[in-house]
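Trainee: mind folding the following:
(chains A and B)
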Amino acid sequence: MKSIRKIDAIPKLNGSWKFLDDYSYKGMIHGQLLYSTCHHGIIKQIHFPDGYDLSEFTMVSAADIPGENIVPEPVCDQPYMADKEVFHFGQVIMGIAHPNRKLLREFISNTSIEYEELPAITDIKECLDNEKNAFGRELTIDHRTGKKPDPNWVHHHKIYYTPHQEQAYLEPQGMIAVWQPKDKIMFVRATCQCPFFVKEGVEAIMGDTIKEAVIETSEGIGGAFGGKEDFPNLLAGITSLLSYKSGKPVKIVLDRSDDIQITTKRHPARIEIETWTDPKTKKIMKIDIDYRLDAGAYQTLSPVVLARGVLHAISGYSIPDAFIRGRLFHSNTPSNGAFRGFGAPQAFAAMEAHIDNIASDLKMNPYKFRKINLFKIGDEFPTTQPILEDHLSNCLERVIDKSNYSKKLKEFKEWNKTHKDKKGIGISIGYHGGGYTGNGEKVLNSEVKVVIEKDAIVKIYVSNTDMGQGAHTTLAQMFFEAIDHPREKCRIQLPNTSKTPNSGPTVASRTIYIIGNLLRKFAFKIKDELGFENLEGYVASNQNEFPREFRMNFVQDPSVVFDDENYVGVAYKDYSWAACVTEIYYHADTYQIELTKSWSVMDIGKVVNQKIATGQAEGGVLQGLAYGLCEFFYKPGYGRMHGFTDYALPTTMDLPEIDVEFIHNDSPIAKGLGEIPMDFPAPSVRNAFHNATGIFINEYPLVPERIYSYMQRATDRHRQTQTV
Amino acid sequence: MIIKFILNKKEVSIDVDPMKRLLDILREDFGLTGTKESCGEGECGACTVLLDGKSVTSCLVNAVHIDGKEVMTSEGIAKEPIGKLLIDCFDEPNAVQCGFCFPGFLVTSYHYVKTDGEKNLDKIKKSLSGNICRCTGYQKIFESVMLACERKPLMNANERE
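Mentor: Got it, this is the predicted structure:
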């Protein structure tokens, strides 16, 4: 619980901490990507502009690839560079480098590509509404009883859509490759979440021409949120190829508009839910969920997002008869990828709205309806994983209590009767399974290394990156607090694939949960093994034993047994739980929702560093609220957004007061924190708007133009009814 | 074109393309990489510097605009007493996350604390509205600037200027 200060805050503030673009190498030239501006077509010809000396440029295309033209991913189907046919806007066709960055930009923006255009699917609904676009493996969770629904049960059937969301890390994607021909080593400096993924990415494209790729991250990684999980692999591959061909260090930093248009986003989803509710007991008795994701042109890591999506699709409710079907859909847009929440925010968007729809139909208080249907100890997930704790219910009770929900619900109802503007209050709940899904952590077999020096300095070697979440401060803290070692004697090595063992990627809320708890255990193990009370004293009196290296692997709890074929069993060992209440003020004249206050209560287990955890949670909650409220990425007829001018990120003027509280923090284990704050807040905004106006909108974000069109439809319907 | 200006309290001169962006001049010609490029279109504030005491986004300022003027970057501000106070106030509540936007926030909040300094949340929000942060949800940033406003009167009079 000690809120020690971050190790990197001061150098980040005074500008001395180096981010990717702050590094320079002798003789370094600049690279950029030439990408498709056609959604689907055959490349006929590439026209370079006149007036440039082409011999000054280094160019690489699919034909130059010595290794394989397929990016390593859970499903290997995406080429680094298109060969003859492009399958989406933004598909990389060439990498081009030149010593002058400005001249290179001009050259590329004046290069034109001729295509023979082919049919393409670019609209989200066009993609997701058509069953013919389904591709890849279908996932099902079958917890059906086989019984027919009772005719007295109330049937609800609704379709929910969620949009893309842009990670909007402030530091754009970037990579530097330095070819070292003497040792046949490709050194790559990366702003990324997963150095070992980048290593695979470089080694796959370079094939036998290199002996090894060595990846080291920049000191600073300027935000990632999932966006730097897999795109860096492709970027590193092309940057390496340019360095190999030119014989020079090459740096590629994407312009913001390129970054926004061509990199991975949160998957748009279409989630269709059918439920049957017993009107007497108010219990949902049966549910059928059809969960669809727009994967983009290639599957890449979408199957893993789909897996998490279906595993969180039922939200926190115990429904005896459940069937969940998950499918990926193909479109001619860039592959969607990882974004904080990873399929879960879409799941809660639908289910938490659906719950409010049923409650409203049954004329019930949404809190009381949730309470009746919430998981209880002894219930099970649709995968049959037993529910072992009632912490989700504790989160809900606490947030209802501290937000004064029930009182406000009544007050607002009265107030709304006499005002054109409306006040509303909405609830949502959520949870997030920590670490890789199912048997993933077993397969990863993460390893950590610790070296104790002669001066009792402890150096921790892990491949997990600090992209702002404070991982390196917190990981060190988990180790030194365990054995009461001084903080200043504990260091974390900058992730480097030739120095740090593979402790897995920095994803899936696993860094503190898997690696942090492992380091804590490791500290106790070393203490036992050496038999010291005080490490400094021990090292001083046993100098000949040091420096000494220790290694340890993560061992998965034997209770985690998951059947990947049938989706039965324990999908995640530990879940973080959360509940949220958001209060809004709706301005009727401008169709604007103003968020006034948002309360979140979360159980993330032991809180290692209160201030770091609170800060991370507050940031996630704002991302979550903005997902529901204002972040618009694609508009039919306009296409994708181009930058921070048309993609509306929340500013200091747009946020409500955000109240975050952690409960059950006396737990011995620190659970996942990274993603859960993003999972659950958005539905509370929609539910609050529904509460305020009685109007239900089945898609995000709730921007004034959308509200306006729904209001118009509601007015038209009202007029029609009156006419009839 | 040769331009002369004052950079972090030192007189400098440089022969440069008059249209070169101040952001690139700082990063490429003076090695001051604390000023960051994020959006390149004046929306996010990551490249904020002070130009004659006013906060501007350096991606929208060209070389011709700075001739004869005074430029302060995060590196310069970090050495000023109010800059040091702010750094400590950002550090204390662990407000900094990825840190890419923070040199920009340091410059803007320095401008606020120095020229106004009232511990007023609404005013602080408004003054920082040109800086985007994606990690923090801003709350700890407000907390830090409020803290700096609270502590500013405790500084020596000559340090407050």
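Trainee: and the residue of chain B that's closest to chain A?
Mentor: Across chain B, the shortest distance to chain A (CB to the nearest CB) belongs to B:G34, at 1.8 Å. For the C-beta atoms, the positions are set from N, CA and C on the backbone; glycine is no exception.
Trainee: look up the closest residue to that residue, ignoring the ones flanking it.
Mentor: Spatial nearest neighbour of B:G34, excluding adjacent residues (CB to CB, 6 or more residues apart in numbering or on different chains): A:G15 at 1.8 Å.
Trainee: on that earlier part again, so the residue of chain B closest to chain A touches B:I77, yeah?
Mentor: No: contact criterion CB atoms under 8 Å: B:G34 and B:I77 do not qualify, at 9.3 Å.
Trainee: would you quantify the distance from the closest residue to chain B within chain A to B:L23?
Mentor: Going by CB to the nearest CB, chain B is nearest to A:G15 of chain A, at 1.8 Å. Distance of A:G15 to B:L23, given as CB to CB, to the nearest Å: 13 Å.
Trainee: so what sits against both of these two?
Mentor: Listed as contacting both A:G15 and B:L23 by CB atoms under 8 Å, 6 or more residues apart in numbering or on different chains are B:T35.
Trainee: list the contacts of the closest residue to A:F57 other than its chain neighbours.
Mentor: Nearest residue to A:F57, sequence neighbours excluded (CB to CB, 6+ apart): A:H98, at 5.2 Å. If you count contacts by CB under 8 Å, 6+ apart, A:H98 has them with A:I29, A:H30, A:E56, A:F57, A:T58, A:L104, A:F107.
Trainee: and the last one, how far from A:M59?
Mentor: Here A:F107 is placed at a distance of 10 Å from A:M59 (CB to CB).
Trainee: just put the contacts of A:H98 in JSON lines and tack on secondary structure and neighbour count.
Mentor: Below are the contacts of A:H98 laid out as JSON lines (DSSP: H, G, I helix; E, B strand; the rest coil; neighbours: other CB atoms under 10 Å in any protein chain shown):
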{"residue": "A:I29", "secondary structure": "strand", "neighbour count": "21"}
{"residue": "A:H30", "secondary structure": "strand", "neighbour count": "19"}
{"residue": "A:E56", "secondary structure": "helix", "neighbour count": "14"}
{"residue": "A:F57", "secondary structure": "coil", "neighbour count": "18"}
{"residue": "A:T58", "secondary structure": "strand", "neighbour count": "22"}
{"residue": "A:L104", "secondary structure": "helix", "neighbour count": "20"}
{"residue": "A:F107", "secondary structure": "helix", "neighbour count": "21"}
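Trainee: need the residues you listed in JSON lines with pLDDT, can you?
Mentor: As requested, the contacts of A:H98 are exported to JSON lines (pLDDT from 0 to 100):
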{"residue": "A:I29", "pLDDT": "98"}
{"residue": "A:H30", "pLDDT": "98"}
{"residue": "A:E56", "pLDDT": "98"}
{"residue": "A:F57", "pLDDT": "98"}
{"residue": "A:T58", "pLDDT": "98"}
{"residue": "A:L104", "pLDDT": "98"}
{"residue": "A:F107", "pLDDT": "98"}
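Trainee: stretch A:51-68 spans what distance, first to last residue?
Mentor: In stretch A:51-68, first residue to last residue: 34 Å (CA to CA, to the nearest Å).
Trainee: what of stretch A:424-444?
Mentor: By CA to CA, the extent of stretch A:424-444 from end to end equals 46 Å.
Trainee: do stretch A:33-40 as well
Mentor: Termini of stretch A:33-40 sit 18 Å apart (CA to CA).
Trainee: what kind of secondary structure is the closest residue to A:L306 other than its chain neighbours in?
Mentor: Excluding the flanking residues, the one nearest A:L306 by CB to CB, 6+ apart is A:G326, at 4.8 Å. When classified by DSSP: H, G, I helix; E, B strand; the rest coil, A:G326 comes out as strand.
Trainee: thinking again about what came up before, anything in contact with each of A:F107 and A:M59?
Mentor: By CB under 8 Å, 6+ apart, A:F107 and A:M59 have these common neighbours: A:I96.
Trainee: quick one: the helices in chain B?
Mentor: Remark: helices assigned in chain B by DSSP state H are B:22-24, B:63-66, B:74-77, B:81-91, B:102-115, B:121-127, B:139-151, B:157-160.
Trainee: between the ones you listed, which gets nearest to A:F696?
Mentor: Within the helices of chain B, the stretch nearest A:F696 is helix B:139-151; the backing value is 30.4 Å (CB to CB).
Trainee: flag every buried residue along the closest one.
Mentor: By 16 or more other CB atoms under 10 Å in any protein chain shown, the buried positions in helix B:139-151 come out as B:Q139, B:K140, B:I141, B:F142, B:E143, B:S144, B:V145, B:L147, B:A148, B:C149, B:R151.
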